[in-house]
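Sequence and computational prediction follow.
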Amino acid sequence: MSSPGGEGELVRARMPADVDAPDKVLYGLTFRQLAILAVAALAGYAGWNGLHTRVPGPVLLGAAVIAGGLVFGLVVGRRDGLALDVWLLSAVRHARSPRALSTTDTTAEIPDWVQAPSSRVSLPAPLTLPAERISDAGEITLAGSTAAIVAASSVNLALRTADEQAAAIATFGRWLNSLSTPTQIVVSAQPVDLRSHASTLAAAAAGMPHPALAAAAGDHARFLEELAERRDPLRRQVLIVTRTSGGERGEHAARRRADGTVRALSGLGVTTRVLDGHAATAALAAAADPYRAPRRGGLAAPDTVITGPAPITFRSPT
């Protein structure tokens, strides 16, 4: 960003790569690591007092060295970007968790008139989703709070001047400092299906009112076909999930927070809008299955009552 002294002078500021890193308490170790070492030291001290009269000292010393090395590796080791103790705890939790989940109630007892299978079959465990319902206004009901989703476009700071970059960063910083509840920013890239756009454009070219428009539409459709063959274009999607606090009152508190986010980010020059129920459902479905083609926003929300068309009756001629 530019300094107040003049145009074009840049001021560089270092930012930590991991802003969520825990604080170092002593000798470069965190409080959790020190707690593990303290528990291990107390366990070793108790074991030494209880066994030094029964087991030879060299044997106890060798066992203490091996156990101390394992504990030290557990404290300072890392795997897949996680602390080794957290990684092992997650591995144990994953090994004990059920492999199959279902949204239906699988804990109900089998009725007497149903013949139970002779072999024991492992039934899927109940699937508990964090979202309970999605309203037509786009408010997502969670356990103890509500949330709303704001879709935003991106900003290319490289095309801005130094003063414009400083103003944009200051606006974004003010919005971050105004947050008082958990807020999530999700940036994802999704493939663009240019072939369907090309086929739709080619089909619409035949109905153009002027031959020049039809020729231009046909040329653009062929361009899209060639682009789809040469490259895999992606579109970037930015979603901001705003969440209310547990004690916040109001039926539409999440919607108010989403509207406040739209107003706060309007100074960045981005296009923002609050997603309604259909669009929020499509966004959540795309996040749950990113490898499938995006769903249309006109699909019904989970709590929408779907009614079919009136039955057609035929009368015989008299």
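Cool, got the structure.

domains of the protein?
Domain ranges of the chain: 31-96, 130-192+233-300, 193-232, per automatic domain parsing.

who's in contact with the residue nearest to residue 271 when sequence neighbours are not counted?
The spatially closest residue to residue 271, leaving aside those adjacent along the chain, is residue 153, at 4.4 Å (C-beta to C-beta, 6 or more residues apart in numbering). Backbone N, C-alpha and C define where each C-beta goes, glycine included. Taking C-beta atoms under 8 Å, 6 or more residues apart in numbering, we find residue 153 in contact with 238, 270-272.

just the buried members of these?
Neighbour counting by 16 or more other C-beta atoms under 10 Å classes 238, 272 among those as buried.

The contacts of residue 153 into CSV, with extra columns for distance to residue 198?
Conversion of these to CSV gives the following (distance: C-beta to C-beta, whole Å):
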residue, distance to residue 198
238, 26
270, 29
271, 26
272, 30
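
Which members of the contacts of residue 153 are positioned in strands?
Residues from these lying in strands, with DSSP state E as the criterion: 238, 272.

If we only consider the contacts of residue 153, which is nearest to residue 58?
residue 238 (63.3 Å; C-beta to C-beta).

and the residue nearest the centre of the chain, what is it in contact with?
Centroid-nearest residue in the chain: residue 186, 6.0 Å away (criterion: C-alpha atoms, centre = their mean). Shown in contact with residue 186 (C-beta under 8 Å, 6+ apart): 237-241, 287.

switch the cut-off to 10 Å
For residue 186, the set of contacting residues under the criterion of C-beta atoms under 10 Å, 6 or more residues apart in numbering consists of 149, 237-241, 283, 287.

do residue 255 as well
Under the criterion of C-beta under 10 Å, 6+ apart, the contact partners of residue 255 comprise 135, 137-139, 146, 148, 242, 244, 274.

does the residue nearest to the centre of the chain belong to a helix or a strand, and which?
Take DSSP states H and E as the rule and residue 186 turns out to sit in strand 183-191.

And the buried ones among the contacts of residue 186, selectable in PyMOL?
Applying 16+ other C-beta under 10 Å to those leaves a buried subset, and the PyMOL line that selects it is:
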select buried, resi 149+237+238+239+240+241+283
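
Of all the contacts of residue 186, the one with the weakest confidence?
For these, the least confident position by pLDDT is residue 287, scoring 80.

my read: that one touches residue 131, true?
No. In terms of C-beta atoms under 10 Å, residue 287 does not count as a neighbour of residue 131; the distance is 11.1 Å.

how many neighbours does the closest residue to residue 213 other than its chain neighbours have?
Leaving aside its chain neighbours, residue 213 sits nearest to residue 205 (7.9 Å; criterion: C-beta to C-beta, 6+ apart). Summarising burial for residue 205: neighbours were counted as other C-beta atoms under 10 Å, giving 17.

Do I have it right that residue 205 meets residue 212?
No. Counting by C-beta under 10 Å, residue 205 sits too far from residue 212 to count as a contact (11.1 Å).
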